[in-house]
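>>> sequence first, then the predicted structure:
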Amino acid sequence: MTDFSPQYLDVLNEEQLAAVTHEGKSLLILAGAGTGKTRVVTTKIAWLIQHKHVDPYSILAVTFTKKAANEMKERAIALEPKAAWSQIRTFHSWGANFLRRYADEAGVSKNFTVYDEDDMATVLFDAIPSLPKKEAPHIVKKISLAKDYGLTPTSKNLELVGGDGVFAEQYALYQERLRLTGNVDFGDLILLPYLTLKNNEAIRRDIHFRYRVIMVDEYQDSNIAQSLLLQELSGINENSGTYVCVVGDDDQSIYRFRGAEVRNILEFKNQFAGTDLIRLVQNYRSTPEILYCADCVVSNNEGRLGKTLVAARGKGKKPTLVFLPNQDDETQFCADIIEQQHKKGVPYSDWAILYRTNAQSLGFETNFLHSKIPYAIVGTLKFYEREEIKDALAWISLVANPRDVVAFRRIVNKPARGVGPASQDKIVEAGLGQNLVESAKKMKLPKKASEGIAEFCKIFDELNSMLPDEEMNLGGEAAGSAEENEGAAPKAVDANKLSLADFIKEVCEKTGLNEFHEAQDEIAGTQKLANLEELTNSAVQYPLCRKGLLDFLDSINLDRSTLGEEEDGSLQDRVTLITLHNTKGLEYKRVIITGMEYGVFPREGKVGDDLEEERRLFYVGITRAQNELYFTSCAIRRLYGRTNYMQPSPFLYELEKGSVRVLGQQPFAFQGAYDAGSGTSSSATYSDPIAKKYRKGAMVYHDDWGHGQIVSGDFTADGEYVVTVNFETGGSKKFLPKYQSSSLLVEGT
DNA sequence: CAATTCGGGATCTGC
DNA sequence: TCCCGAATTG
């Protein structure tokens, strides 16, 4: 077995192989965009199991998004089926699982659900009724950030998150109130496991015994709390012998604003003593021309470990920088180039249009609708934030945990049952930290409210009694097997067996949600009833029991992404419209990065670390492109209803002369910054009006050939003026403008 | 409670 | 400019 080399190792390059077979000390893999990072991690898992005989059960691999976790799990299992026994999941879902197991030690209810920021605001408001309405979200953000930084209400350095004199107290009051609900917020899913491990040696020993290998993907996205958790989890300071391997790219860290800390990756070698570093720089995605641009830009950042991507691919097209008069021209330029290429057989799905802010998508949508260019906007549909879905989920959550004040308030008077705010407050105050429904039953209230509460409690009890504690066992697997799987996707439920979907169906019917929204749909033409059905369907595979209910709620609360969005948009021939942030981890054959203007990208006022983060975002955008890359920059842009004269993005200056082809009217600041074209001709004198109009450098549009630029203009021996035009499509043509004035149009005149 | 008006604010968004 | 939430009004 010594020389046995599994096939899957053959496809790796030298640096990838070194990363896969590395052992011993901790390892930081600095993996640039498109260098096969996921392949390395999944192969490493397979190699450890097959070749090093590591127990798959003792391997933990964490990612930041559910999508990434699913992909990693799938690919690891494809290489080595035993990887199904490994823990491959998101940080937060691991945390939720840990907290359910050690609920008592962590001080939460076993059947907690997870509060999002809206819910947090409700809790905060309950805790501090005097708080002005619009301040709540502000403070909630600070609390979230504090938890991301690993700070508790008694921490000394709360000013790190902008905490002022009263913040510590607000945070403390919030915490107190939150604990009374039994529930947790997202920050708790990291912070509480960290504190529990830190303060409880027995649990810590259990965990160190269990996990022998820990890998973290996208480590540049980790926050301080996650780094602290990793240190406790791995027992790095206690000689646990656990092997830790983190993978990331400091150049792609773009989530500082929500607590991600690049320094985690920069200082990994200090936190995990004796770390080895392996760089993956062989890039299999992009042409060398695109990678050159990426490097020009990112090398302007100071806080980085430093690496330069090396193209594995051969030469391609030079990226193009296009200066346009305004945003309408920008959308039109995109529409034109996509349409021209489409006529030549380039599918729409090759293209992605990237922008800094969602608001910028509007112009493209309008234009594409009109131009009949099919498109799909990525990442706007927030299924679980819809009113009707939140209502249904509130009922479900309250059944799971009757101490859930937020859920209780949300539904107790919806539809109206005469239980107004005053009655609600009374019930909540009396029932704090207890079963709110039971408390409500005992409460003395005005006649109207008391009738309403009776009705509410009746519905609740009926729903509650539908749920057995354990899965009804009709000859299937033993209940509790899900515990072994630790929340892995539940097995399909027999068709003739009741599933959780039946419960949710009842919820929608009994509570009047269906009735209410059916009426709404007719009036407003909405889809609410259908959305509720979709929610019901998504629960089909969960068993009808309390455990199934909690698993279902976790699956929703820990993946707010895309239910309701098309499963595989890539199968459809459509242009992708997407924010730069959303492109991380994705790739497209042809990419247009739009709105390259100061104030838009980078956003106004960004300096220092914030500016470096914007630059990394630009770097992420550039490195999404496989074959072709365009940048567009407008001289004028409407913002908030005002017309603004824009300066080109400072990032454009960082693209070195000769790294891009420039089209359009260069702003004054750019005169001479770039070669306008490749022509060397001495050019024509501009005394001739036609020659003046069709001069070298001008942008033109031709009915058949599309957009292009005049790269040379000369007079023939006969005195005829001839221009050579390089078209966007790559072709080059000569024209006699004298005879072409109607079909060859000079743009911007 | 529903319809209407008024005013403020406007990034990116994982789990 | 435009959208959302809060306040006002019938």
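That came in fine, so what should we check first?
>>> what about the stretch 1-150 of chain A, any weak spots by pLDDT?
By pLDDT under 70, the weakly predicted segments of the stretch 1-150 of chain A are A:1-5.
>>> and the residue of it nearest DNA strand C?
Nearest residue of the stretch 1-150 of chain A to DNA strand C: A:Lys133, at 4.7 Å (CB to the nearest atom of the strand). The way it works is simple: take the backbone N, C-alpha and C, and place the C-beta from them, glycine included.
>>> for that residue, give its distance to A:Gln16.
From A:Lys133 across to A:Gln16, the span is 53 Å (CB to CB, to the nearest Å).
>>> for the stretch 351-500 of chain A, which segments count as helices?
Applying DSSP state H, counting those that start in this stretch to the stretch 351-500 of chain A gives helices spanning A:361-371, A:387-400, A:405-411, A:421-431, A:436-442, A:447-465, A:481-485, A:500-510.
>>> so for DNA strand B, which of these sits nearest?
Nearest of those to DNA strand B, taken as CB to the nearest atom of the strand: helix A:361-371 at 8.8 Å.
>>> which secondary structure elements does the closest one contact?
Here helix A:361-371 touches helix A:327-343, strand A:375-377, strand A:575-579, going by 3 or more CB pairs under 8 Å, 6 or more residues apart in numbering; DSSP states H and E.
>>> quick one, what contacts the most centrally placed residue in chain A?
Residue closest to the mean C-alpha point of chain A, counted by CA atoms, centre = their mean, is A:Asn582 at 5.4 Å. By CB atoms under 8 Å, 6 or more residues apart in numbering, the contact list for A:Asn582 reads A:378-379.
>>> for DNA strand C, see how far away it is.
Per CB to the nearest atom of the strand, to the nearest Å, A:Asn582 is found 19 Å from DNA strand C.
>>> and that residue, what pLDDT?
Listed pLDDT for A:Asn582 reads 93.
>>> picking up where we left off before, next, count neighbours for the residue of the stretch 1-150 of chain A closest to DNA strand C.
Using other CB atoms under 10 Å, A:Lys133 has 8 other residues around it.
>>> state the distance from it to DNA strand B.
Distance from A:Lys133 to DNA strand B, by CB to the nearest atom of the strand: 12 Å.
>>> if we can go back for a sec, can you say which of the helices and strands packed on helix A:361-371 is packed in most?
Among these, strand A:575-579 has the highest mean neighbour count (mean count of other CB atoms under 10 Å), at a mean of 23.
>>> contact residues of chain A facing DNA strand C?
A:133-134, A:640-641 (CB under 7 Å from any atom of the strand).
>>> quick revisit: and the residue nearest to the centre of chain A, backbone torsions?
Phi and psi for A:Asn582, reported as degrees, to the nearest 10, are phi -70, psi -10.
>>> let me see the contact set for the nearest residue to A:Gly248 once chain neighbours are set aside.
Nearest residue to A:Gly248 in three dimensions, chain neighbours excluded: A:Tyr219, at 3.4 Å (CB to CB, 6 or more residues apart in numbering). Taking CB under 8 Å, 6+ apart as the criterion, A:Tyr219 is in contact with A:28, A:246-248, A:264-265, A:268.
>>> just checking, which of these belong to strands?
A:28, A:246-248 (DSSP state E).
>>> from those residues, which is closest to DNA strand B?
Closest to DNA strand B, out of all of the ones in strands among the contacts of A:Tyr219 and judged by CB to the nearest atom of the strand, is A:Gly248, at 15.0 Å.
>>> quick check, pLDDT for the closest residue to DNA strand C within the stretch 251-400 of chain A.
Per CB to the nearest atom of the strand, A:Leu362 is where the stretch 251-400 of chain A lies closest to DNA strand C, at 8.2 Å. With respect to pLDDT, A:Leu362 has a value of 92.
>>> tally of neighbours for it?
Applying other CB under 10 Å, we find 12 residues neighbouring A:Leu362.
>>> got the contact list for it?
Here A:Leu362 is in contact with no residue (CB under 8 Å, 6+ apart).
>>> separation between it and A:Arg403?
As judged by CB to CB, A:Leu362 and A:Arg403 stand 43 Å apart.
>>> with A:Leu9 instead?
Going from A:Leu9 to A:Arg403 by CB to CB gives 52 Å.
>>> so for these two, which sits in the more crowded spot?
Neighbour totals were compared for A:Leu9 and A:Arg403, and A:Arg403 leads with 22 against 16 (other CB under 10 Å).
>>> what sits against the residue nearest to that one when sequence neighbours are not counted?
Using CB to CB, 6+ apart and skipping residues adjacent in sequence, the residue nearest A:Arg403 is A:Gly182, 4.5 Å away. By CB under 8 Å, 6+ apart, the contact set of A:Gly182 is A:108-109, A:111-112, A:401, A:403-404, A:433.
>>> show me the shaky parts of chain A.
Ranges of chain A meeting pLDDT under 70: A:1-5, A:471-496, A:523-525, A:562-571, A:668-689, A:703-705, A:716-719, A:729-731, A:739-743, A:748-749.
>>> longest strand of chain A, counting residues only.
strand A:625-639.
>>> need the helices of the stretch 351-500 of chain A in CSV with distance to DNA strand B, can you?
Below are these laid out as CSV (distance: least, CB to the nearest atom of the strand, whole Å):
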stretch, distance to DNA strand B
helix A:361-371, 9
helix A:387-400, 14
helix A:405-411, 14
helix A:421-431, 10
helix A:436-442, 18
helix A:447-465, 10
helix A:481-485, 17
helix A:500-510, 20
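>>> so A:Asn283 touches A:Ile290, yeah?
No: the criterion here is CB atoms under 8 Å, and A:Asn283 misses it with A:Ile290 at 9.2 Å.
>>> give me the common contacts of those two.
Joint contacts of A:Asn283 and A:Ile290 (CB under 8 Å, 6+ apart) are A:Thr623.
>>> of the two, which one has the most company?
A:Ile290 (29 against 23).
>>> residues touching that one, list them.
Residues in contact with A:Ile290 (CB under 8 Å, 6+ apart) are A:316, A:319, A:622-623, A:625-626, A:629.
>>> picking that back up, got the helices of the stretch 351-500 of chain A as CSV, with distance to A:Gln666 columns?
Shown next, in CSV, are the helices of the stretch 351-500 of chain A (distance: least, CB to CB, whole Å):
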stretch, distance to A:Gln666
helix A:361-371, 23
helix A:387-400, 49
helix A:405-411, 55
helix A:421-431, 61
helix A:436-442, 66
helix A:447-465, 67
helix A:481-485, 60
helix A:500-510, 59
